[in-house]
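In: Dropping a prediction and its sequence here:
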Amino acid sequence: MSLDFGKIASGLAPIAWTDEPWDRRYIKERRDKEPLDREVVAPDPAFRDRIRTATWDDYDKIIISFSGGKDSLAAVFRVLDLGAPRSKIELWHQNIDGEHDSPAVMDWPVTRDYIEAVAVVLGLPLLYQWRGGGLYGEMARQGRHMAPIYFESPLRAKPISGAVFDHVGRNGLSVYRWDTKAGHLAGRGGMPAVSDNLQIRWCSDVVKIEPFAKAIIYDPRFDKKRLGRAPRLLVVTGERRLEGKKGPIIVVEPDGRQRVSALAGRAAYHMLEPHDTDAPGFITKAGKDTAKRRVDQWRPVMNMTEDQVWNVMRQHGIRPHPAYELGAWGRCSCSGCIYSSPTQIATWARLLPQQYGLVAALDDQIKAQGRKTWRNKLTLADWADKGVPQIDPKVWAFWRPYFMHTKKITPEMVRTKRWVLPAGASAPEGGPT
């Protein structure tokens with residue numbers, strides 16, 4: 001595709017979403033289940049017609065889900081490199097441990113410092129969303145419903161019905177609250193499970209997916225009544241086809257030719273599709289548009305290899321998240337992710353014993369109650385005992401003050417001319433597929 005950079009800069013040229021044929025299909029074979037079959041772009045004709053000619057000017061905001069990991073950072077650079085106006089871009093991050101209202105047990109202690117430094121370097125606003133009590137609060141929950149969801153917004157205005165203004169937060173941002181009566185009073189059946197099913201691997205939905213979605217639905221900036229029309233949003237996320245566990249994938253070209261490729265479980269995602277919060281409505285006979293909001297989702301790094309992702313960071317001179325430099329982790333998810341190997345959990349226990357100890361004690365309590373433990377019948381301690389800590393003493397000596405908050409990661413540390421591939425680049429990724 002030949003790009004007219006003058007038109008790109010003006011926002012008038014259609015967005016170069018992908019070089020892939022839109023009708024290429026990825027079919028993931030699944031044992032004892034129907035195969036997953038997905039085209040690159042969601043097949044709905046109306047969606048395809050709209051997205052094919054979409055320009056940056058068509059969107060009110062471009063919201064990038066930003067974990068601080070390599071894939072989400074590569075997605076940020078893909079958006080910037082294609083000429084998206086910085087004035088429309090926001091980085092959204094979900095605080096998985098809540099906001100100072102729960103023990104910090106699952107997020108890397110340096111993540112907030114790191115992503116805030118990256119946001120400063122890139123000159124992009126950063127907004128947080130979180131579940132009250134964080135992941136620990138939900139794991140320990142009994143005798144009450146699920147905690148509220150909170151989200152930041154730069155606008156102080158009358159909330160959309162269903163949410164309320166809660167308080168003024170950091171940097172003068174407004175914090176809104178969405179209350180819920182969801183969740184059985186008996187609490188969860190145990191720890192989140194290692195599964196593609198979000199009903200039993202509930203951690204992602206509870207502390208990431210739902211807080212992100214509620215912020216879109218209830219942020220007063222996206223109120224149709226206030227705008228006089230349905231808001232138009234683009235959600236950008238960092239999933240990759242090659243991420244996670246390998247598995248047989250059949251690639252079907254538009255002309256019908258097939259080939260088998262050892263791709264990952266996420267290969268069957270659409271690169272472009274309506275987001276879960278999309279509420280397009282319909283046009284009435286009187287010509288009234290009933291849409292509440294139009295929200296498209298784009299996964300711009302779907303076809304990148306891990307090496308390509310690292311090269312993007314190298315080219316832009318951004319130092320990776322410190323977790324990668326520790327050596328045992330190839331993916332920046334939760335420090336104690338349920339997909340972690342025994343070696344990763346044993347290393348976590350050695351480096352961050354307070355985090356590990358709180359989760360291990362809760363898991364022992366869950367076992368005593370007859371609920372599902374870390375790996376079904378294995379507790380977190382059992383899992384850690386199967387591994388051997390993998391620690392580079394020199395690397396940990398450098399980073400330990402930052403993990404313990406006696407030093408703070410600065411923008412000057414994040415922007416670097418001496419970029420080095422982190423030791424974790426060759427480590428197992430872990431995480432959902």
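Out: Yep, that arrived.

In: Every contact and neighbour count from this point should use C-alpha atoms.
Out: Fine.

In: pLDDT weak spots in the stretch 1-150 of the chain?
Out: 1-11, 30-33 (pLDDT under 70).

In: Kindly report the same for the stretch 301-433 of the chain.
Out: When residues are selected by pLDDT under 70, those of the stretch 301-433 of the chain lie in 428-433.

In: just the helices in it please.
Out: Remark: helices assigned in the stretch 301-433 of the chain by DSSP state H, counting those that start in this stretch are 306-316, 322-325, 342-351, 353-368, 380-385, 393-403, 411-414.

In: next one: the stretch 1-150 of the chain
Out: Chain-ordered helices for the stretch 1-150 of the chain, with DSSP H, counting those that start in this stretch as the definition, fall at 5-10, 45-52, 70-81, 111-122, 134-140.

In: quick one: residue 330 and residue 427 touch, right?
Out: Yes: contact status for residue 330 versus residue 427: in contact at 4.7 Å, counting by C-alpha atoms under 8 Å.

In: which one of these two has more residues nearby?
Out: For residue 330 versus residue 427, the count of surrounding residues by other C-alpha atoms under 10 Å is larger for residue 330: 23 against 16.

In: Please state the backbone phi and psi of that one?
Out: Geometry field for residue 330 lists phi and psi as phi -100, psi 0, criterion degrees, to the nearest 10.

In: Look up how far residue 408 lies from it.
Out: According to C-alpha to C-alpha, to the nearest Å, residue 330 and residue 408 sit 23 Å apart.

In: same question, residue 307
Out: On the measure of C-alpha to C-alpha, residue 307 and residue 408 end up 29 Å apart.

In: who's more crowded, those two?
Out: In this comparison of residue 307 against residue 408, neighbours counted by other C-alpha under 10 Å, the higher total goes to residue 408 at 15 against 10.

In: Residue 113 is in contact with that one, correct?
Out: Yes: A contact is recorded between residue 408 and residue 113 when judged using C-alpha under 8 Å, the distance being 6.6 Å.

In: quick one: the strands in the protein?
Out: In chain order, the chain shows strands spanning 25-28, 36-39, 61-65, 89-95, 126-131, 149-153, 164-168, 174-178, 232-236, 246-252, 258-264, 272-274, 294-298, with DSSP state E as the criterion.

In: Could you tell me the average pLDDT over the last one, please?
Out: Per-residue pLDDT values across strand 294-298 average out to 97.

In: Report the contact partners of residue 238.
Out: Applying C-alpha atoms under 8 Å, 6 or more residues apart in numbering, one finds that residue 238 lies in contact with 65, 71-75, 299-302.

In: Tabulate the helices of the stretch 1-150 of the chain (JSON lines), appending distance to residue 193 and mean neighbour count.
Out: As requested, the helices of the stretch 1-150 of the chain are arranged in JSON lines below (distance: least, C-alpha to C-alpha, whole Å; neighbours: other C-alpha atoms under 10 Å):
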{"stretch": "helix 5-10", "distance to residue 193": "44", "mean neighbour count": "14"}
{"stretch": "helix 45-52", "distance to residue 193": "34", "mean neighbour count": "12"}
{"stretch": "helix 70-81", "distance to residue 193": "24", "mean neighbour count": "21"}
{"stretch": "helix 111-122", "distance to residue 193": "24", "mean neighbour count": "19"}
{"stretch": "helix 134-140", "distance to residue 193": "12", "mean neighbour count": "22"}
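
In: quick one: which of those is nearest residue 393?
Out: Nearest to residue 393 among the helices of the stretch 1-150 of the chain is helix 111-122; the distance by C-alpha to C-alpha comes to 20.9 Å.

In: and residue 133, how many residues sit next to it?
Out: Counted with other C-alpha under 10 Å, the burial measure for residue 133 works out to 25 neighbours.

In: Need phi/psi at the residue of the chain most remote from its centre.
Out: Outermost residue of the chain with respect to the C-alpha centroid, by C-alpha atoms, centre = their mean, is residue 286; its distance is 40.3 Å. For residue 286, the backbone dihedrals are phi -80, psi 0 (criterion: degrees, to the nearest 10).

In: ok, now residue 44?
Out: Backbone dihedrals for residue 44, given as degrees, to the nearest 10, come out at phi -60, psi 120.

In: Against residue 50, how distant is it?
Out: In this structure, residue 44 lies at 10 Å from residue 50, with C-alpha to C-alpha as the measure.

In: what's the spacing between residue 229 and residue 285?
Out: Shown here: residue 229 relative to residue 285, a distance of 18 Å by C-alpha to C-alpha.

In: Could you check which of these two has the larger neighbour count?
Out: residue 229 (15 against 7).

In: before we move on, the earlier item: got TSV for the contacts of residue 238, with distance to residue 361 too?
Out: Below are the contacts of residue 238 laid out as TSV (distance: C-alpha to C-alpha, whole Å):
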residue	distance to residue 361
65	32
71	33
72	32
73	34
74	37
75	37
299	38
300	40
301	39
302	38
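
In: and of these, the nearest to residue 151?
Out: Sorting the contacts of residue 238 by distance to residue 151 puts residue 65 at the head of the list, at 13.6 Å, by C-alpha to C-alpha.

In: The closest one: what's it in contact with?
Out: The contact partners of residue 65, taken as C-alpha under 8 Å, 6+ apart, are 72, 91-93, 235-238.
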